[in-house]
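Participant: What follows is a predicted structure for the sequence shown.
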Amino acid sequence: MELHYVGISAAFDPYAQARPVGRCAECGAALYDGDRVYYGRGTDHVLGCGQCIDAGFAREEQGGSHA
């Protein structure tokens, strides 16, 4: 059995995933393909991206109030 190398297509872009696809409506952080965006009960209210949620938890742990 012989294996033959097939070159990468000219259309292949290895940096495509490194480019942001949008911005978080709450904090403005760059969002990349596969990033999570958190919504409220309806899909029209954005709670934030992973960075917003992490920052919120960090503020609560540093002395913010817990409900």
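Facilitator: On my side now, so go ahead. Residues are numbered from 1 along each chain as shown.
Participant: Break down the chain into its helices, ranges please.
Facilitator: 50-61 (DSSP state H).
Participant: lowest-confidence helix or strand of it?
Facilitator: helix 50-61 (a mean of 74; mean pLDDT, DSSP states H and E).
Participant: Need the pLDDT of Y39.
Facilitator: With respect to pLDDT, Y39 scores 81.
Participant: Contacts only, for it.
Facilitator: 45-47 (C-beta atoms under 8 Å, 6 or more residues apart in numbering). (Glycine included, C-beta is placed from N, CA and C.)
Participant: contacting residues around E26?
Facilitator: E26 makes contact with 46-49, 52, according to C-beta under 8 Å, 6+ apart.
Participant: By neighbours, which of these wins?
Facilitator: Using other C-beta atoms under 10 Å as the neighbour test, the contacts of E26 are led by C49, with 23 neighbours.
Participant: ok, that residue touching Y32?
Facilitator: No - applying C-beta atoms under 8 Å, one finds C49 not in contact with Y32, separated by 10.1 Å.
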